[in-house]
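A.B. asks: Build me a model from this:
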Amino acid sequence: MTDSDIAPSADADASPFPAWTARALCLLMIVASMSVVTARLAEAPVMSSANDRSRWCTVWALVERNTYQIDEIHERPGWATIDQVRHQGHFYSSKPPLLPRIVAELYRGLKFLTGWTLTDQTALVTRTLLFVINVLPMGIALAVFSHLVQRLTASLWAQLFVMACACWGMLLLPFLTAFNNHTIAASCFFIVLPLAAGIWGNAQAAGWKYLLCGLLAAFGVCNELPAALFGLGLFSLLLVDRARPTLMLFLPGALVVLAAFFVTNYQATGSLKPFYSRYGTETYEFVHEGIPSYWKEPKGIDRPRDSTWTYLWHCTFGHHGIYSLSPIFLLTLAGWLSPGLWWKSRWKWFHLMGLGLTVVTLGFYLTKTVNYNYGGVSVALRWMMWLTPFWLLSMTPVLSLLNRRIWFRALALLLLSVSIFSAWYPPNAPWTQNWLFQLMTRAGWIDYSEPVPRFSHVHYTWLGALPDGPLQPDYVIHFQTVRADGQVETIQLQDGGPISTSERLILVERTHAGESSPVKTGYRLNVDSFRAGESVETFLASRDDGQPLTEADRTFFRGMPRRIQYLGSRIRYEKTHLRTDAFRCHVGYTYVSVPAPNQEQQTLRIIRDIWFCEELPFGILRWEEHVENAADRKQLSRQVWQAASAGKFLKRQPQSPF
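C.D. replies: Numbers count the residues shown, from 1 in each chain. Have a look, this model is predicted:
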C-alpha cells in the first residue's frame, strides 16, 4: 500500500484546491507558531521551576563532575529543587536519567564550541538547548503530523482546523519553554502515528520506517512511562500486520532505546527501576540536616485532599480539566461516542487505541490516591498531554461529517478560541496555575492553600519558653545585631532559677551601641501566667534589684510599644552557624501603628517577626523589626537579631509547642 492508497477518497467535502495548498498553509501555521514559542522562550524565566532545575542539576553534574549526584550544584543559590531524592548518602534528581543524559552531551558539545557554562551563561545555555530539544523537534513533528491529517480527511477546512488546534490550541505549547519530558514524548508520538499509519497494511513500506518507528515509540515511552501500553499495542498491531520487519527492525530499534533507559537508570540508581518507583519510601521522604524533604510534608496542591470522584471531575471538566481548558477535545469525545463514524474505516485501530489509552491512563492515575495533585503547579494536567496526537487524530471523523455546516464551524471556532486562550495565558507558563484554577480560587469555589499554622497558646511576648525545675546554668542564649553604622548590640538571656513555686528569675544582660559594659537586670516572671498566654503586664512580676518596673521594661518583653498579640505565620527550617542541623521554627508576627516623633501628620508602622524555636533556650532563634511609612509602605529601617550562641540545645518535639 502506498501513500496514494491511503489518501482520502474524493467526496462532496473534498477541497477544490490542490494538495500543496493545504500543505503550504499548514507549514505556514507551524512556522508561525514555533516562531512565537521561540520569542516566548527568549523571554522565559530561567529555571523558574523545581521541575526544570532538577533535570538541569543532573545535566550540570554529568558534564562538570561526571556523576549523577547533585549534592554540589543544588546548594548553589537558584539551583535548589524539591524534585530530588536521597540515595546512599547523596542527592539525585527524581527524574529518569535518560533524557538528562542526552541533554548533558548536547551541553558538552555546546560548551566545547562556545565556552558557555550552565552556571555562568545560564540563560544562553538553557534557552539554546531548549530550542534544540523542544522547539525544533515539535516543529518537525507537527510538519510530519500534518501529512497524516491530510490523509484522514479530504476537507481543507477540517485539515486546517486540526492543524490550528495543534499549532495554537494545545496545552503542550507552554511547556516548550521548559525542560520537561512531556513535549519530548509528544513530539515522538506526533511522528510515530504517521509512520505507523504509513506502514500498517503497506507491503512496500521501507524498512527504515519500521526502525525509526521503533526508536521513536520507545523513546516516547521512556519519557512518559504510562505510554508503555501504547508501545505494546503498536508492536502488536504491526506484528500482526507484518511480522518480519516488525521483529527485525521495529523491535531492535525499540530495544536499543529501552537498553539505554535501563543502563542509565542503573548508573544513577543502582537499579533498573527509576526513582519514581520508590515514591513514598525514605528515598523520597527523608530528613537531612534537620530539614524534612518536601515530599515528607507536601504543601498546597501537592497535598492530596480530593476524593476520587472530585479528582475525576477536575481532571475532565474542572480546574485542570481536559475538556474545560481545551474544549476542542469535546470534538474528540463526540467522535469516540459515535463509533459509526470510524469503526468501518481503515483508521479504526488508531481511533480505538486513542480511546483505550485515554481511559486506561486516566484510570491508572485515579488509582494513585497519594498522588492526587493534578501534576502540581502547572497550567495543564501534565501526565495526560502525551495523548494529544491521538486526540487530534480522533476529532477528524466529526470534522469530516459536519464541517460544511455553518453552525458547526462557528461552534468549533469558539471551542478553539477558548483552547488558544488556555494555551497562551498566562505569559509565565507553564509553571503556574491556569486561568480557570485562578478564577475558581478567587470565586471561593476551590481552596488548595495551606491553613496558617496557629500557636498552641496566645503570645504577647517575643519570649517563647521558660525553663523548668531547679536552676539550669546552661539555659542561656546570646543574641546580637549589627547596626547600620557598624556597631554591635547584644542581648543575653539566662536562667536565674526558681524564686518560688510560681516565680522564676530571668537574667537579662544588654550591651547598647557605644557602651563598653553591659547592663544587667534580673526580672521575676510568673511562670503560670506566662504559660497561660497572659500579657506582659500580668506575668512580669517585678525587678530583682528592688526598682519598680518601668514602661521600658514592659516594652522590652513585649517587643512592641503597646500590648498586642503575636500571630502564627508559617513553619520554617533555619540553618545557622550554631550547628549542622537546621532548627525548626514557628514564625510569628505582629505590628502596630504609631505617630512619627515630631511629625503629627505621619504614621509609622512597626512590624516584628519572631522565629520561635523549641530547640533553643527561651524558645527563640531570631527576630526582625521593620519600621515603615504607613501611608506608602516604604521601609525606613530594618534590624535583625540572631542567636549567636546557646548554652544547650533542647529536643525537638513531634509538634511545635508554640
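A.B. asks: Glu625 should be in a strand, yeah?
C.D. replies: Yes. The assignment for Glu625 by DSSP: H, G, I helix; E, B strand; the rest coil puts it in a strand.
A.B. asks: And it, how far from Phe479?
C.D. replies: 12 Å (CB to CB, to the nearest Å). In short, each C-beta sits where N, CA and C put it, glycine included.
A.B. asks: shared neighbours, the two?
C.D. replies: Counting by CB atoms under 8 Å, 6 or more residues apart in numbering, the contacts common to Glu625 and Phe479 are Trp641.
A.B. asks: So between the two, which is more surrounded?
C.D. replies: Phe479 (22 against 18; other CB atoms under 10 Å).
A.B. asks: May I have the beta-bridge partners of the more buried one?
C.D. replies: Beta-bridge pairing for Phe479 (DSSP bridges): Ile491, Ala643.
A.B. asks: Pretty sure it sits against Val640.
C.D. replies: No. Judged on CB atoms under 8 Å, Phe479 makes no contact with Val640 at a distance of 10.0 Å.
A.B. asks: so what's in contact with these two at the same time?
C.D. replies: What both Phe479 and Val640 touch, as defined by CB under 8 Å, 6+ apart, is the set Arg622.
A.B. asks: how much space between Ala104 and Val263?
C.D. replies: To Val263, Ala104 is 14 Å away according to CB to CB.
A.B. asks: more crowded one of the two?
C.D. replies: Ala104 (23 against 14).
A.B. asks: and that one, what are its phi and psi?
C.D. replies: With angles defined as degrees, to the nearest 10, Ala104 sits at phi -60, psi -40.
A.B. asks: quick one: it and Leu62 touch, right?
C.D. replies: Yes. With contact defined as CB under 8 Å, Ala104 and Leu62 form a contacting pair (3.9 Å).
A.B. asks: who's in contact with Arg504?
C.D. replies: By CB under 8 Å, 6+ apart, the neighbours of Arg504 are 466-467, 495-498, 524-525, 527.
A.B. asks: same question, Lys111
C.D. replies: Going by CB under 8 Å, 6+ apart, Lys111 touches 63, 117, 125.
A.B. asks: between those, which has the most around it?
C.D. replies: Neighbour-wise, the contacts of Lys111 (other CB under 10 Å) top out at Val125, 23 neighbours.
A.B. asks: Could you check how far that residue is from Trp116?
C.D. replies: 5 Å.
A.B. asks: Please pull out the lowest mean pLDDT helix or strand from this protein.
C.D. replies: Here the helix or strand of the chain ranked lowest by mean pLDDT, DSSP states H and E is strand 599-612, holding a mean of 88.
A.B. asks: what sits up against it?
C.D. replies: 459, 462, 464, 559-561, 566, 569, 572, 574, 583, 585-596, 619-631, 633, 636, 656, 658.
A.B. asks: Sheet partners, orientation included, of that strand?
C.D. replies: When DSSP bridges is applied, strand 599-612 pairs with strand 583-596 (antiparallel), strand 620-629 (antiparallel).
A.B. asks: Where does the prediction get shaky in the protein?
C.D. replies: 1-19, 599-600, 656 (pLDDT under 70).
A.B. asks: Need the single longest helix in it, by residues.
C.D. replies: In the chain, with assignment by DSSP state H, the single longest helix is helix 19-43.
A.B. asks: Buried residues in that helix, which are they?
C.D. replies: 22, 25-27, 29-30, 33-34, 37-38, 40-41 (16 or more other CB atoms under 10 Å).
A.B. asks: any idea which element Glu64 lies in?
C.D. replies: Assessed by DSSP states H and E, Glu64 sits inside helix 50-65.
A.B. asks: name the helices or strands packed onto the helix or strand following that helix?
C.D. replies: Per DSSP H and E, the first helix or strand lying C-terminal to helix 50-65 is strand 84-87. Contacts defined by 3 or more CB pairs under 8 Å, 6 or more residues apart in numbering; DSSP states H and E place strand 84-87 against strand 90-93.
A.B. asks: related to what we said a few turns ago, could I get the buried residues of helix 19-43 in TSV, plus columns for distance to Ser502?
C.D. replies: What follows is the buried residues of helix 19-43, written out as TSV (distance: CB to CB, whole Å):
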residue	distance to Ser502
Ala22	90
Leu25	87
Cys26	84
Leu27	86
Met29	81
Ile30	80
Ser33	75
Met34	76
Val37	71
Thr38	73
Arg40	67
Leu41	67
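A.B. asks: so which of these comes closest to Asp83?
C.D. replies: Nearest to Asp83 out of the buried residues of helix 19-43 is Leu41 (CB to CB; 21.4 Å).
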